[in-house]
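K.L.:
Okay, here's the prediction I keep looking at, along with the sequence it came from:
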Amino acid sequence: MPAMQGMMSGDDMTALQNAQGAQASKLFLTQMIAHHEGAVTMAQSEIKDGQYAAAKELARSIVTSQQKEIDTMKGILPTL
């Protein structure tokens, strides 16, 4: 099974563990943005193709909350 979009690889985790200071924060935020974007993509697929109303409602909530967090993280990045 292929890795889900936005999932960190072992190399990504190692890079994060080895980073320090502002570089560690930048790397963390960059990786988390990609992770959240993967969640949004998955949730949008559920909204489009899902059959179960409760799961589709949860997916809509995920899109809203994850996008808000993406926007927040993108706002923090330039300050580091």
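P.N.:
Structure's in. What do you need?

K.L.:
ok, now which ones touch the residue most central in space within the chain?
P.N.:
Taking C-alpha atoms, centre = their mean, the centroid of the chain lies closest to residue 36, which sits 1.5 Å from it. Residue 36 is in contact with 6, 66, 67, 69, 70, 73, counting by C-beta atoms under 8 Å, 6 or more residues apart in numbering. Backbone N, C-alpha and C define where each C-beta goes, glycine included.

K.L.:
Out of those residues, which end up buried?
P.N.:
6, 66, 69, 70 (16 or more other C-beta atoms under 10 Å).

K.L.:
Only the buried residues of the longest helix belonging to the chain, if you could.
P.N.:
The longest helix of the chain (DSSP state H) is helix 21-49. In terms of neighbour count (16+ other C-beta under 10 Å), helix 21-49 has its buried residues at 27, 29, 31, 33, 35-36, 38-40, 42-43, 46-47.

K.L.:
Give me the contacts around the lowest-mean-pLDDT helix or strand in the chain.
P.N.:
In the chain, no helix or strand scores lower on mean pLDDT, DSSP states H and E than helix 10-18, which sits at a mean of 82. Helix 10-18 has contacts (C-beta under 8 Å, 6+ apart) with 8, 24, 27, 28, 31.

K.L.:
Need the pLDDT of the second one.
P.N.:
At residue 24, the pLDDT value in this model is 93.

K.L.:
and the gap between it and residue 78?
P.N.:
To residue 78, residue 24 is 16 Å away according to C-beta to C-beta, to the nearest Å.

K.L.:
circling back: pLDDT, distance to residue 52 and secondary structure added to the contacts of residue 36, as JSON lines?
P.N.:
As requested, the contacts of residue 36 are arranged in JSON lines below (pLDDT from 0 to 100; distance: C-beta to C-beta, whole Å; DSSP: H, G, I helix; E, B strand; the rest coil):
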{"residue": "6", "pLDDT": "72", "distance to residue 52": "23", "secondary structure": "coil"}
{"residue": "66", "pLDDT": "97", "distance to residue 52": "20", "secondary structure": "helix"}
{"residue": "67", "pLDDT": "97", "distance to residue 52": "22", "secondary structure": "helix"}
{"residue": "69", "pLDDT": "97", "distance to residue 52": "25", "secondary structure": "helix"}
{"residue": "70", "pLDDT": "97", "distance to residue 52": "26", "secondary structure": "helix"}
{"residue": "73", "pLDDT": "97", "distance to residue 52": "30", "secondary structure": "helix"}
